[in-house]
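Asks: no sequence on this one, just coordinates:
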Ligand SMILES: NC(=O)C1=CN([C@@H]2O[C@H](COP(=O)(O)OP(=O)(O)OC[C@H]3O[C@@H](n4cnc5c(N)ncnc54)[C@H](O)[C@@H]3O)[C@@H](O)[C@H]2O)C=CC1
Ligand SMILES: O=C(O)C(=O)COP(=O)(O)O
């Protein structure tokens, strides 16, 4: 039974995919609630209120997936989650329209003094001259960050007869042309725009992007909007520039600290505010809740999630194609780990044939996770595989080659240790399954499943017989046996499979046999 903690106010109807799932128990409580046993939680659903810090993650050893019912993941320590192999997903487009509409409503309100006029009339006043505003029509709107929300705002601004100037370092010419916006530098936006609105995520690069130096470059009478994240526009600088009359007004939905408390910006009449309401519509909340509930359920059902922040995205079709190779990669990693017991310096993975058409980086991560399974205490999966290898000083190399050794597809992995290397090659044959076809320079052919014994020995008469006798004496039934050699009388290998693992006495006797060079029991 999976335990899912819904830690923030998430639309109840949207949670239905999880409530309907027999293998999940949904607990709607805050992380600080003493009734919640954080140690048992497998999945957590949050909005922006709950801060998923490294400290919180330490208290949740079972946690497998963090789902953000919204866009911004700045309240989640994604690096700490990744290190622990915890998948982070969000709902990237469920609240785009709501946030764009809210920003537009704020912009119109700001230029027409609607909140101030509303309060005045409610106060039984009728001051028509006090609230003379400005038209949006004909104004230059500067958009910083032309992603999903920025683009929806640009479309609306065009309909209102505004010129749209955009600063987004990742904006392509094609996208700028198709949205009919002018691609600019940040300075051009600052110098030319009448109204500036920010729509980037909050990152190290965007924190304080609009600071005092930036504000100095703006036109006198400029308006600012922040419906993205507190801190992208430096609050102190804004207060100074509103205070000295350079900035005509600001509309803020978000703050560096939420709620902002006694904030200097709240004292200005020309600063209008909402309590982080961008995504707060029935439609958006239903969208984002449904999206993340489905994602978490998908994850529990062992299918690929779509909107992960720390895993490559994969459609259902692609996943079906990659699935057999994913399994083969894990098995290759696991066999390698059981055959090379010492610490390794390098893992090189070579893909050839049809498998190269797939997302091989995902297979590399699967192979590494198979390698670390049962080797280290940390739970390693595709999320933290590369990071774990790096932390342990293992260099990982991935190559694509044209030689597939006569097979339709091939994955070859070589582990380099100080003075030796060990390689393995696997293939997936349709309607037949995964096969290991090459092991440490020997051709072989076996199914990588169950209890196996790998023996490297001298190719001399009687070796196979002596191995058989020891196993027979211990009443051990050999299920399958494959042999391979390079030349007569040289070294050879055998791979045997059994119904159950060998006991230590049989293993000891086998290892003492003359002519046996290397022996490894493999459990898959
Ligand atoms: N007020 C609210 O309730 C809501 C706020 N948001 C905030 O809005 C942000 C944007 O959301 P979306 O448009 O959905 O995200 P998005 O990922 O589609 O767009 C972000 C854009 O910012 C651009 N960008 C990144 N770094 C930049 C930089 N240094 N300078 C200029 N542009 C940069 C990216 O290229 C991208 O085009 C979210 O990260 C979130 O923090 C989102 C939803 C609701
Ligand atoms: O989706 C986002 O990034 C938002 O800021 C919305 O936040 P919320 O879920 O309303 O707390």
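Replies: Good, I have the coordinates. Given the structure is predicted, the values throughout are model-derived calculations rather than measurements. Ligands and ions are numbered 1, 2, ... in the order given.

Asks: which residues sit in contact with the residue nearest the centre of the chain?
Replies: The residue lying closest to the centre of the chain (C-alpha atoms, centre = their mean) is residue 310, at 1.8 Å. Neighbouring residues of residue 310 by C-beta atoms under 8 Å, 6 or more residues apart in numbering: 78, 81, 82, 87, 88, 383. Backbone N, C-alpha and C define where each C-beta goes, glycine included.

Asks: Give me the phi and psi for it.
Replies: Phi and psi for residue 310, reported as degrees, to the nearest 10, are phi -120, psi 20.

Asks: roughly how far apart are it and ligand 1?
Replies: Using C-beta to the nearest ligand atom, to the nearest Å, residue 310 is found at 15 Å from ligand 1.

Asks: Just give the nearest non-adjacent residue to that residue, would you?
Replies: Leaving aside its sequence neighbours, residue 310 sits nearest to residue 82 (C-beta to C-beta, 6 or more residues apart in numbering; 4.7 Å).

Asks: Quickly find the element holding that neighbour.
Replies: Residue 82 belongs to helix 78-83 when assigned by DSSP states H and E.

Asks: Please, which helix or strand holds the closest residue to ligand 2 within the stretch 151-300 of the chain?
Replies: Residue of the stretch 151-300 of the chain nearest ligand 2, by C-beta to the nearest ligand atom: residue 279 (3.7 Å). With secondary structure defined by DSSP H and E, residue 279 is part of neither a helix nor a strand.

Asks: Just to check, it is in contact with residue 288?
Replies: Yes: Residue 279 sits in contact with residue 288 when judged by C-beta atoms under 8 Å, with a separation of 7.0 Å.

Asks: which residues sit in contact with the residue nearest to residue 393 when sequence neighbours are not counted?
Replies: Counting by C-beta to C-beta, 6+ apart, residue 393 lies nearest to residue 345, which is 7.2 Å off, once chain neighbours are set aside. Counting by C-beta under 8 Å, 6+ apart, residue 345 makes contact with 393, 394, 395, 416, 417, 418.

Asks: Could I get the contacting residues of the second one?
Replies: For residue 394, the residues meeting the contact criterion (C-beta under 8 Å, 6+ apart) are 344, 345, 346, 347.

Asks: Quick one: end-to-end distance for stretch 224-240.
Replies: Distance between the two ends of stretch 224-240: 13 Å, counting by C-alpha to C-alpha, to the nearest Å.

Asks: Which positions within it qualify as buried?
Replies: 224-235, 237-239 (16 or more other C-beta atoms under 10 Å).

Asks: That stretch close to ligand 2?
Replies: No: using C-beta under 6 Å from any ligand atom, stretch 224-240 never reaches ligand 2; the gap is at least 7.2 Å.

Asks: near ligand 1, anything from that stretch?
Replies: Yes: using C-beta under 6 Å from any ligand atom as the criterion, contacts between stretch 224-240 and ligand 1 involve 227, 228, 229.

Asks: quick one: the second one and residue 295, what's the gap?
Replies: In other words, residue 228. 23 Å (C-beta to C-beta, to the nearest Å).

Asks: And for the first one?
Replies: Using C-beta to C-beta, one gets 25 Å for the distance from residue 227 to residue 295.

Asks: Look up the pLDDT of the residue of the chain found nearest ligand 1 for me, please.
Replies: Per C-beta to the nearest ligand atom, residue 147 is where the chain lies closest to ligand 1, at 1.7 Å. At residue 147, the model reports a pLDDT of 95.

Asks: Next, it: phi, psi?
Replies: Per-residue torsions, residue 147: phi -90, psi -140 (degrees, to the nearest 10).

Asks: same question, residue 273
Replies: phi -140, psi 150.

Asks: Please confirm that residue 188 is located within a helix.
Replies: Yes: remark: residue 188 belongs to a helix, assigned using DSSP: H, G, I helix; E, B strand; the rest coil.

Asks: number of nearby residues for the nearest residue to it once chain neighbours are set aside?
Replies: Excluding its sequence neighbours, the residue lying closest to residue 188 (C-beta to C-beta, 6+ apart) is residue 165, at 6.6 Å. By the criterion of other C-beta atoms under 10 Å, residue 165 has 24 neighbours.

Asks: So for residue 165, what's the pLDDT?
Replies: Here, the pLDDT recorded for residue 165 equals 98.

Asks: partners of the strand or helix carrying it in the sheet?
Replies: Residue 165 belongs to strand 163-167 when assigned by DSSP H and E. Applying DSSP bridges, strand 163-167 is found paired with strand 140-144 (parallel), strand 182-183 (parallel).

Asks: Need the residues that contact the shortest one.
Replies: Meaning strand 182-183. For strand 182-183, contacts defined as C-beta under 8 Å, 6+ apart pick out 163, 164, 165, 166, 168, 171, 173, 176.

Asks: of all those residues, which two lie farthest apart?
Replies: Using C-beta to C-beta, the two most remote members of those are 163 and 173, lying 18.0 Å apart.

Asks: who has more neighbours, these two?
Replies: Shown here are residue 163 and residue 173; by other C-beta under 10 Å, residue 163 has more neighbours (17 against 8).

Asks: Roughly how far does the closest residue to the more buried one other than its chain neighbours sit from residue 222?
Replies: Closest residue to residue 163 apart from its sequence neighbours, by C-beta to C-beta, 6+ apart: residue 140 at 4.6 Å. Taking C-beta to C-beta as the criterion, residue 140 is separated from residue 222 by 10 Å.

Asks: So if I had to pick from those two, which one is more boxed in?
Replies: For the pair residue 140 and residue 222, the greater number of neighbours falls to residue 222 (22 against 18), based on other C-beta under 10 Å.

Asks: I figured the residue nearest to residue 310 hits residue 381, correct?
Replies: No: in this structure, residue 82 is not within contact of residue 381 by C-beta under 8 Å, at 10.4 Å.

Asks: residue contacts, the residue nearest to residue 188?
Replies: 140, 141, 142, 143, 181, 182, 184, 188, 189, 192, 193.

Asks: now that we have the residues you listed, which one has the most neighbours?
Replies: Result: residue 143 is most packed of the contacts of residue 165 (other C-beta under 10 Å), 31 neighbours.

Asks: Just give the closest residue to the residue in the stretch 351-500 of the chain that ligand 2 sits nearest to, not the sequence neighbours.
Replies: Nearest residue of the stretch 351-500 of the chain to ligand 2: residue 383, at 21.6 Å (C-beta to the nearest ligand atom). Leaving aside its chain neighbours, residue 383 sits nearest to residue 85 (4.8 Å; criterion: C-beta to C-beta, 6+ apart).

Asks: any idea which element that neighbour lies in?
Replies: With DSSP H and E as the criterion, residue 85 is inside neither a helix nor a strand.

Asks: Look up how far ligand 2 lies from it.
Replies: Noted for residue 85: a distance of 24 Å to ligand 2, by C-beta to the nearest ligand atom.

Asks: what sits against that residue?
Replies: 64, 378, 379, 380, 381, 383, 384.

Asks: Now do the contacts for residue 187.
Replies: residue 217.

Asks: again, but for residue 13
Replies: Contacts of residue 13 (C-beta under 8 Å, 6+ apart): 286, 289, 290.

Asks: Show the pLDDT at it.
Replies: For residue 13, pLDDT reads 97.

Asks: do the same with residue 514
Replies: 88.

Asks: for it, helix, strand, or coil?
Replies: Classified using three-state DSSP, residue 514 is coil.

Asks: Check the burial of it by counting its neighbours.
Replies: 10.

Asks: Now do the residue nearest to residue 383 against residue 326, distance only.
Replies: 16 Å.

Asks: Residue 352 too?
Replies: Taken as C-beta to C-beta, the span from residue 352 to residue 326 is 17 Å.

Asks: Look up which helix or strand the residue lying closest to residue 358 once chain neighbours are set aside falls in, please.
Replies: What sits nearest to residue 358 in space, not counting adjacent residues and going by C-beta to C-beta, 6+ apart, is residue 322, at 4.9 Å. Residue 322 belongs to helix 316-339 when elements are defined using DSSP H and E.

Asks: Thanks again, I'm all set now.
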